[in-house]
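J.: coordinates only, no sequence provided:
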């Protein structure tokens, strides 16, 4: 998880700028983008092609608003603090770029592309929110599964949940905690996936969808 650019906080201000009551500006945020998309040279990558996606979620995480929870059950969204895109898509982008740059696989393609692959990696996002209950944390809960396209069976799953402490009380601090949490989850997923293929290396692979 090296060579990352700092988290980008996009201050995109919307609304009219006339002097007669301009609307409150919105501020947009994005997750850290891996800084080196070029695959690391690996003389012995796993002889498999992965198809990535999609990561699904409830409707709440398919929008762009930052979600918060204060009582463990009820949730709300910030009106003027938003992501640049749906969290599911941002996380999928981070995961895909990290898998490609690892050099551990023959190829990694999007499921929506016309590429053919040996395995399909998809997931479910359960939590991606600020949680305030005495202390403030950024909670990420997600599960990934790997399906063998030849047999149609699920051969690997990994569940992740973690509360990352928020170093402050403002929304940018929450965004920073969620960003660190996503990077932590991707690192854990990749390590677990690597362990799976190191012990279940296919003798012959197909390239069928």
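T.: Good, I have the coordinates. Just so it is clear, the structure is predicted and the values come from calculations on it, not from any experiment. Numbers count the residues shown, from 1 in each chain.
J.: enumerate every residue touching residue 156.
T.: 145-146, 192-193, 196 (C-beta atoms under 8 Å, 6 or more residues apart in numbering). Heads up, the C-betas are built off the backbone N, CA and C, glycines and all.
J.: shaky segments in this structure?
T.: Where the chain drops to pLDDT under 70, the residues are 1-23, 35-43, 71-72, 202-209.
J.: residue 155 contacts residue 149, doesn't it?
T.: No - using C-beta atoms under 8 Å, residue 155 is not in contact with residue 149; the gap is 10.5 Å.
J.: assign the most centrally placed residue in the chain to helix, strand or coil.
T.: Closest residue to the average C-alpha location of the chain: residue 91 at 1.7 Å, with C-alpha atoms, centre = their mean. State at residue 91, reduced to three classes by DSSP: H, G, I helix; E, B strand; the rest coil: helix.
J.: distance of it from residue 97?
T.: Distance of residue 91 to residue 97, computed by C-beta to C-beta, to the nearest Å: 11 Å.
J.: again with residue 53
T.: Applying C-beta to C-beta, the value for residue 53 to residue 97 is 13 Å.
J.: higher neighbour count, the two?
T.: The neighbour count for residue 53 versus residue 97, taken as other C-beta atoms under 10 Å, is higher for residue 53 (20 against 17).
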